[in-house]
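# here you go, sequence then predicted model.
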Amino acid sequence: MDKNKDQEKSAGIRAHYEKRSTDFYFRSDRGGKVTLGCRPHLHYHIEFFVLLEGKVTVWVDSVQYTVRAGDLMIAFPNQLHQYSSYPGSPEKYLLFVVSPDLVPEFADIFNSTLPHSPVVESFCDMPRLFPLVEGLAGVSGKNEKGKYREEVQRGYLTALFGQLLPMMTLDEIKLGDSRAVREVVNYCSQNYTADLSLEMLERELHLNKYYISHLFSSKLGIRFNDYVNSLRVSQACRLLRDTEMPITEISDAVGFNTQRTFNRAFARFRGCSPGEYRRTRPDKVENASIPPTGALPVHFYPVKER
């Protein structure tokens, strides 16, 4: 495994916060046709993949790693991550994006720690672990629609994390900016439909509101209100694409107080009105790990301290 801190690569990364609509997503490419490459993004979910063939460069929280055939890579909730493919090295892989709500037994671990390294080398050679991933992939394929499919998925995930996490070196998230950013982003991503304010976060998270405001400007490169509105607009885009909900109801559903505020925020982030967006983007976008083209960009500056 190659690891090196590449500050030029990470400084001022233009990243996307994914508000995912499902608890479980699976993608498999055993033919080397669909690349793993994706731009920087983060989300509430756990994302991991097993590389069966090929070689991939990944960045997790500003640190670069090389993932080789047989390795597993895992990103914990709200870790900034990005994948880049090697030219002439087609990848074969199994990719999973899983809500931590599916494995509540491990909530404390995923909320309070980070992997010292996100790469588990030679994972495919581990006889007690790799078959669990293959089993999970087997019950998660498009043609698998068993009555107890979700229960079986939970079983595989529980068994996998129950053996994988104890063998990894996990660093406790230190008090300070890193942990505060994680707590604030987590809270906002789960409560963006509420009437969020710095005062609310101060009350709920026991952090000074001026400190929170400083975190957004210095660590995430965006003002607090703009960040919250970006989450709301991102979810509104999904509802405009995938449902027939009236625009006025969508405005209320994602947390805007008035239609005028919604229209103004939407135009700022998307460059068009909600109605124009619905008319010009009629196709539903599959809920994939790679953000759809034109997905809402937000400036995030990765937290360096751990």
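Good, I have the coordinates.
# what strand or helix carries the residue at the greatest distance from the centre of the chain?
No residue in the chain has its C-alpha farther from the mean C-alpha position than R260, which lies at 29.9 Å (CA atoms, centre = their mean). Per DSSP states H and E: R260 is located in helix 259-270.
# what sits up against that helix?
229-230, 232-233, 236-237, 247-248, 250-251, 254, 256, 272-274, 277, 296 (CB atoms under 8 Å, 6 or more residues apart in numbering). For the C-beta atoms, the positions are set from N, CA and C on the backbone; glycine is no exception.
# give me the buried entries from the residues you listed.
Among the contacts of helix 259-270, those scoring as buried are 229-230, 232-233, 236-237, 247, 250-251, 254, 256, 274, 277, 296 (criterion: 16 or more other CB atoms under 10 Å).
# which two among those residues are spaced furthest apart?
S230 and I247 (18.3 Å; CB to CB).
# what separates R238 from D226, distance-wise?
Going from R238 to D226 by CB to CB, to the nearest Å gives 19 Å.
# for Q64, that is, sorry about that
Per CB to CB, Q64 is found 29 Å from D226.
# and L207, by the same measure?
Going from L207 to D226 by CB to CB gives 19 Å.
# cool, and V58?
Between V58 and D226 the computed distance is 28 Å (CB to CB).
# more neighbours: which of those two?
Using other CB atoms under 10 Å, the more surrounded residue of V58 and D226 is V58, with 22 against 15.
# output the contacting helices and strands for whichever helix or strand that one is part of.
V58 is part of strand 55-60, with elements assigned from DSSP H and E. Using 3 or more CB pairs under 8 Å, 6 or more residues apart in numbering; DSSP states H and E, the elements in contact with strand 55-60 are strand 63-68, strand 72-75, strand 81-85.
# which stretches of the protein have low pLDDT?
By pLDDT under 70, the low-scoring segments of the chain are 1-21, 32, 142-146, 174-178, 219-221, 281-306.
# using CSV, write out the CA atom coordinates for the strand holding V58.
This file holds the C-alpha atoms of strand 55-60, laid out as CSV (Å, rounded to 0.1, in the frame of the first residue of the first chain):
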residue,chain,number,x,y,z
LYS,A,55,-5.4,-0.8,-9.3
VAL,A,56,-7.1,2.4,-8.0
THR,A,57,-5.8,5.5,-6.3
VAL,A,58,-8.1,6.7,-3.5
TRP,A,59,-8.0,9.9,-1.3
VAL,A,60,-9.6,9.7,2.1
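# what angle sits between it and strand 81-85?
160 degrees (axes from the mean of the first three to the mean of the last three CA atoms, to 10 degrees).
# tell me the contacts of L136?
F26, F96, Q153, Y156, L157, L160 are the contacts of L136 under CB under 8 Å, 6+ apart.
# you'd agree the last one is up against V133?
If I follow you right, that is L160. Yes. Look at L160 against V133 with CB atoms under 8 Å: they come within range, at 6.7 Å.
# leaving out chain neighbours, which residue sits closest to P118?
Nearest non-adjacent residue to P118, counting by CB to CB, 6 or more residues apart in numbering: V60, 4.7 Å away.
# could you pull out the strands in this structure for me?
Using DSSP state E, the strands of the chain run over residues 3-5, 14-18, 24-29, 38-43, 46-53, 55-60, 63-68, 72-75, 81-85, 92-98, 113-115, 119-120, 170-172, 298-299.
# in TSV, list these along with distance to Y187.
Formatted as TSV, those follow (distance: least, CB to CB, whole Å):
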stretch	distance to Y187
strand 3-5	29
strand 14-18	13
strand 24-29	23
strand 38-43	14
strand 46-53	18
strand 55-60	22
strand 63-68	25
strand 72-75	19
strand 81-85	21
strand 92-98	20
strand 113-115	18
strand 119-120	29
strand 170-172	20
strand 298-299	16
